[in-house]
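**Q** Here's my sequence, what's the structure:
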Amino acid sequence: MNIIFFSRREGKARHLNLSHPLTVSLTGVAAVGVLVGVFILGSRFGASKAWQIDAGAEGASSAIQAQKAELAAMKAHIQERIDALSMRLGQFDAQLLRLNAVGKRLTQMANISSREFDFDHDPPQGGPESDTGGVSAQLPDLSAMIDSFESRLDQRSAQFSSLESVLLGRQLSSDIRPTGRPVREGYISSVFGQRMDPFSGEEAFHKGVDFAADAGTDVLAVAAGVVTWAGARDGYGNMVEVTHGNGIVTRYAHDSKVLVSVGQTVQRGQVLATVGSTGRSTGPHVHFEVLKGGQQIDPSSFIEN
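**A** Take a look at the predicted model:
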């Protein structure tokens, strides 16, 4: 098989014999080259598409990981807020328990009926159902509500503490005010003021009240205070002196035995000594004195109370 080529310049015809071995070889080589080129182009195109697919998959995976990390951080933040709120609620509970204890003490100190101020049970509440639907509290609103509740709790705590201080002050004033007699049984054998001295027979000023009682009878404190003398004293024999504050001092003289020591705190009705006749005395009795600002005053008003 021949292919004829014509040249315009030379006007000649040339023949290409397709069946010639050289022509066949060149044609095969060209075909193989074309196939190789097509294969290479196809491989590069496929590799490019595969890279694009892999890059897309990696991008999607990175986005998913980022979203997961963001969700984890949000969950941790919410958990921190919940833990903080739980801790504050625990503090409120402890504060309420303390306030309830203070309230109970105040009701007892003020002699208020426990039915009026019952700190062991929640107060009864009620009312008709609201026509409008309620709105659930959001987290920021809940934080604001807790802040407000904490402020009110602090105010109540301060008010309770002030009230407790006032009541304790009143009770302390009542406890340290001398009231009553220094013996359970006995009689007044000599009053405060001018009298005939039992030893000299001359008129003299008696600075206390004498209570005659059997020897060994208990001598009682007429108010709370601190012992500032406990032992022998000239003219008084064995004596106990108790300082009550506000310039008030009481003395219990002629005791047979002293049962307290200096610096000891005593309460109203506590046994200080036993009745005797030590010192300048004619028989078993208690010489009872009340001093105000260092001067003896008439104990009668305290004894009568």
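**Q** doesn't residue 78 fall inside a strand?
**A** No - under DSSP: H, G, I helix; E, B strand; the rest coil, residue 78 falls outside any strand and is assigned helix.
**Q** can you count the residues close to it?
**A** Residues lying near residue 78 (other CB atoms under 10 Å) number 11. To be clear about C-beta, it is placed using only N, CA and C from the backbone, and glycine gets the same treatment.
**Q** Strands of the stretch 101-250 of the chain, start to end?
**A** Counting by DSSP state E, counting those that start in this stretch, the stretch 101-250 of the chain has strands at residues 187-190, 193-196, 203-206, 209-212, 218-220, 225-233, 237-245, 248-258.
**Q** Serialize the ones you listed to JSON lines and add fields for mean pLDDT.
**A** Shown next, in JSON lines, are these (pLDDT from 0 to 100):
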{"stretch": "strand 187-190", "mean pLDDT": "93"}
{"stretch": "strand 193-196", "mean pLDDT": "90"}
{"stretch": "strand 203-206", "mean pLDDT": "91"}
{"stretch": "strand 209-212", "mean pLDDT": "95"}
{"stretch": "strand 218-220", "mean pLDDT": "97"}
{"stretch": "strand 225-233", "mean pLDDT": "94"}
{"stretch": "strand 237-245", "mean pLDDT": "93"}
{"stretch": "strand 248-258", "mean pLDDT": "96"}
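**Q** would you turn those into TSV with distance to residue 67?
**A** Formatted as TSV, the strands of the stretch 101-250 of the chain follow (distance: least, CB to CB, whole Å):
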stretch	distance to residue 67
strand 187-190	96
strand 193-196	99
strand 203-206	99
strand 209-212	93
strand 218-220	83
strand 225-233	75
strand 237-245	74
strand 248-258	80
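**Q** To residue 300, which of those strands lies closest?
**A** strand 209-212 (7.0 Å; CB to CB).
**Q** related to what we said a few turns ago, any chance of TSV for the strands of the stretch 101-250 of the chain, columns mean neighbour count and distance to residue 288?
**A** Shown next, in TSV, are the strands of the stretch 101-250 of the chain (neighbours: other CB atoms under 10 Å; distance: least, CB to CB, whole Å):
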stretch	mean neighbour count	distance to residue 288
strand 187-190	14	9
strand 193-196	11	14
strand 203-206	12	11
strand 209-212	22	5
strand 218-220	21	9
strand 225-233	17	14
strand 237-245	22	11
strand 248-258	22	6
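**Q** where does the stretch 1-150 of the chain dip in pLDDT?
**A** 1-60, 86, 89, 92-93, 96-98, 100, 102-143, 145, 148 (pLDDT under 70).
**Q** per-domain residue ranges of the protein.
**A** 2-56, 76-117+142-176, 187-304 (automatic domain parsing).
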